[in-house]
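Student: my questions concern the predicted model and sequence given below.
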Number of protein chains: 2
Amino acid sequence: MTRVKPKLQTIGHDCTACPIRHRAVCARCEADELQVLENIKYYRSFEAGQTVVWAGDNMDFVASVVTGIATLSQTMEDGRRQMVGLLLPSDFAGRPGRSTSAYDVTAATNLVMCCFRRKPFEELMLSTPHIAQRLLEMTLDELDAAREWMLLLGRKTAREKIASLLCIIARRDASLQLSQTHGELRFDLPLTREAMSEYLGLTLETVSRQMSSLRKQGLIMTEGKRHIIIPDFDQLLEETGDDSDGGFLV
Amino acid sequence: MTRVKPKLQTIGHDCTACPIRHRAVCARCEADELQVLENIKYYRSFEAGQTVVWAGDNMDFVASVVTGIATLSQTMEDGRRQMVGLLLPSDFAGRPGRSTSAYDVTAATNLVMCCFRRKPFEELMLSTPHIAQRLLEMTLDELDAAREWMLLLGRKTAREKIASLLCIIARRDASLQLSQTHGELRFDLPLTREAMSEYLGLTLETVSRQMSSLRKQGLIMTEGKRHIIIPDFDQLLEETGDDSDGGFLV
DNA sequence: AAACATCCTTGATGTAGATCAAAAAATCAT
DNA sequence: ATGATTTTTTGATCTACATCAAGGATGTTT
């Protein structure tokens, strides 16, 4: 089990059959396994804002994101909300062995998920070792991302939080397009200010103010509300507080 | 692959051979697998305060905690630190497929770890499917814990953070002792005020103040600096902001 | 085009927790 | 015990972000 940094390797998101395919082409896939997965999968589409499942609700499938963006969030009794995960194409949702969702899963944009019925998927996992192994790798990546996010939530300033989020989305977006435009990066923010604030542990007003501040200083430019232009990625990166190498996030 | 809530099931910490053993008695273990694990494992002891590995350093083993408590933390260039994991007996550290540690691993108390050399462990994982499956379960639990911690870091007040941490440690401690003393709980805090502050995303002064405040209100009592008595666990639980059921943490 | 609903921005003010500073406990060494 | 070191507590002050409040954009419905 050799592992290489998985971040920028995502090659295909075709969801032809095997969840492994989503993140990188899987050399281990055997034809018959593909066939089995083919038999237990189905697609579901959601519109931006729609909820896929609420925390605590029954969730009899596991799924991976084909297109669009989904969010995982937790809510406290009094309504305080914290986003705990951002699912981009190829990311996995749901958990073998658990029949209810631990989080609210919401479509941030229009969303297509490739779902696998949970029981057959679990059986398949038992009979097909490399699926568990691949899932383990993906889960470990998510754990790294969650821990990097803990650093952000616990120790970064509002400005650093915003810069970090923008860098993460920009990087992920750029890697999807395989466009190596060193210089200017452009992308559509898939999150509202409110969603950003829920992710970053801030209020939406603070998010808005910090965005304005970054704009005034020329670190970012905006077209309309959601389209972001980053004239110099490295310069923005310096505002994140991270060491330049960048991390595991998303 | 049926799963049950793993929290309070921890039965043995004997580290006889199989990492699976640490969390719950493993019904699947076959004698020969145990034998192989026996051959690649070794023990290491650390004193409180000692560092097991620094982030970025070579780490040619994976390990599970036998006794004591270890912490995982990340540091920013300017010295801001955030703890991202607390390893209690039976918890797992290190990651198959990665040769360097992503975090500082530090002994919070005297610590014994059961180490497995990485390469043979990875090979074993490939040839022994249920190890990957068990590791996946454990990693998913850790991911849940990390996400619950994200909610704490992003949205809870200082007071709620302290109450949460105390409840978590108390609960874990109680489960280790299998002592069902409903009423008064007693345990030694394994963390300094500074370590607590690093875990909670606070300063150590704030931790101290909130501890004093809880003490003055009779929610906790202290003997010396580290020994804590919780006269009424449910009462303290109400200060955490969590819904009463409690979560996945630690 | 007017009315409405979202989403975003900006301003004024308040406060939880950080920071700075020092003293008190506890722990350790001689 | 006595002094030295580490850890914790407490106080005074400051500030980053939250909260409260209002006003603009933008898009949608009729």
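Tutor: Thanks, I have it. Numbers count the residues shown, from 1 in each chain, chains lettered A, B, ... in the order given.

Student: can you pull the contacts of A:Gly201?
Tutor: Residues touching A:Gly201, when contacts are defined by CB atoms under 8 Å, 6 or more residues apart in numbering or on different chains, comprise A:Gln82, A:Leu153, A:Lys161, B:Leu153, B:Gly154, B:Arg155. Any C-beta I mention is one placed from the backbone N, CA and C, and that applies to glycine too.

Student: now do the helices in chain A.
Tutor: Under the criterion DSSP state H, helices of chain A are mapped to A:19-23, A:31-40, A:118-127, A:129-155, A:158-177, A:193-200, A:204-216, A:233-237.

Student: please name the bridge partners of the residue lying closest to A:Ser45 once chain neighbours are set aside.
Tutor: Leaving aside its chain neighbours, A:Ser45 sits nearest to A:Val112 (5.2 Å; criterion: CB to CB, 6 or more residues apart in numbering or on different chains). For A:Val112, the residues forming beta bridges with it (DSSP bridges) are A:Ser45, A:Thr67.

Student: contacting residues around the nearest residue to A:Thr75 once chain neighbours are set aside?
Tutor: Spatial nearest neighbour of A:Thr75, excluding adjacent residues (CB to CB, 6+ apart): A:Arg81 at 5.0 Å. The neighbours of A:Arg81, taking CB under 8 Å, 6+ apart as the test, are A:Ser73, A:Gln74, A:Thr75, A:Glu198, B:Arg155.

Student: apply 7 Å and report the result again.
Tutor: Applying CB atoms under 7 Å, 6 or more residues apart in numbering or on different chains to A:Arg81 gives the contacts A:Ser73, A:Thr75, A:Glu198.

Student: quick one: A:Asp243 and A:Tyr42, what's the gap?
Tutor: Remark: distance between A:Asp243 and A:Tyr42 (CB to CB, to the nearest Å) = 43 Å.

Student: ah, wrong one, I meant A:Lys225
Tutor: 35 Å.

Student: out of the contacts of A:Arg81, which is most surrounded?
Tutor: A:Glu198 (25 neighbours; other CB atoms under 10 Å in any protein chain shown).

Student: ok, back up a step: between the contacts of A:Gly201, which sits nearest B:Leu185?
Tutor: Of all those, B:Leu185 sits closest to B:Leu153, with 24.8 Å by CB to CB.

Student: ok, how many other residues are close to the nearest residue to the closest one once chain neighbours are set aside?
Tutor: With CB to CB, 6+ apart as the criterion, B:Leu153 has its nearest non-adjacent residue at 3.9 Å, and that residue is A:Leu153. Other residues within reach of A:Leu153 by the criterion other CB under 10 Å amount to 24.

Student: pull up the gap between A:Leu153 and A:Glu47, please.
Tutor: Taking CB to CB, one finds A:Leu153 at 29 Å from A:Glu47.

Student: for the most centrally placed residue in chain A, give me the pLDDT.
Tutor: Nearest to the geometric centre of chain A sits A:Leu87, at 2.8 Å (CA atoms, centre = their mean). The per-residue pLDDT reported for A:Leu87 equals 92.

Student: could you do A:Thr75 as well?
Tutor: Per-residue confidence at A:Thr75 stands at 95 (pLDDT).

Student: same question for A:Val105.
Tutor: In this model, A:Val105 carries a pLDDT of 96.

Student: list the contacts of the closest residue to it other than its chain neighbours.
Tutor: Nearest non-adjacent residue to A:Val105, counting by CB to CB, 6+ apart: A:Val52, 4.0 Å away. Neighbouring residues of A:Val52 by CB under 7 Å, 6+ apart: A:Phe46, A:Ala70, A:Val105, A:Thr106, A:Ala107.

Student: isn't the second one up against A:Leu111?
Tutor: Yes. With contacts counted by CB atoms under 7 Å, A:Ala70 reaches A:Leu111, the gap being 5.6 Å.

Student: between the two, what contacts are shared?
Tutor: With CB under 7 Å, 6+ apart as the test, A:Ala70 and A:Leu111 reach no residue in common.

Student: neighbours of A:Asp60, how many?
Tutor: By other CB under 10 Å, the burial measure for A:Asp60, its neighbour count, is 12.

Student: hang on, isn't it packed against A:Arg118?
Tutor: Yes. Here A:Asp60 lies in contact with A:Arg118, judged by CB under 7 Å, at a distance of 5.1 Å.

Student: so, low pLDDT: which residues of chain A?
Tutor: Residues of chain A meeting the criterion pLDDT under 70: A:1-38, A:175-182, A:244-250.

Student: got the domain ranges for it?
Tutor: Using automatic domain parsing, the domain ranges for chain A come out as A:7-142, A:156-240.

Student: could you dump those into a markdown table with distance to B:Thr203 added?
Tutor: Output for these, formatted as a markdown table (distance: least, CB to CB, whole Å):
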| stretch | distance to B:Thr203 |
| --- | --- |
| domain A:7-142 | 21 |
| domain A:156-240 | 15 |
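
Student: show me the one of the ones you listed that comes nearest DNA strand C.
Tutor: domain A:156-240 (3.2 Å; CB to the nearest atom of the strand).

Student: how about the contacts made by whichever residue of chain A sits closest to DNA strand D?
Tutor: Taking CB to the nearest atom of the strand as the measure, chain A has A:Thr206 as its residue closest to DNA strand D, at 3.0 Å. For A:Thr206, the contacting residues are A:Ala158, A:Ser197, taking CB under 7 Å, 6+ apart as the criterion.

Student: backbone dihedrals for the residue nearest to A:Thr157 when sequence neighbours are not counted, please?
Tutor: For A:Thr157, the nearest residue in space outside its immediate sequence neighbours is A:Gly241; the separation is 7.6 Å by CB to CB, 6+ apart. Dihedral pair for A:Gly241: phi 80, psi -10, per degrees, to the nearest 10.

Student: touching, A:Gly241 and A:Glu160? I think so.
Tutor: Yes. Shown here, A:Gly241 and A:Glu160 form a contact pair, counting by CB under 7 Å, at 4.3 Å.

Student: re earlier: ok, the residue nearest to the centre of chain A - contacts?
Tutor: Remark: with contacts taken as CB under 7 Å, 6+ apart, A:Leu87 is in contact with A:Val65, A:Ile69, A:Ala70, A:Leu72, A:Ala93.
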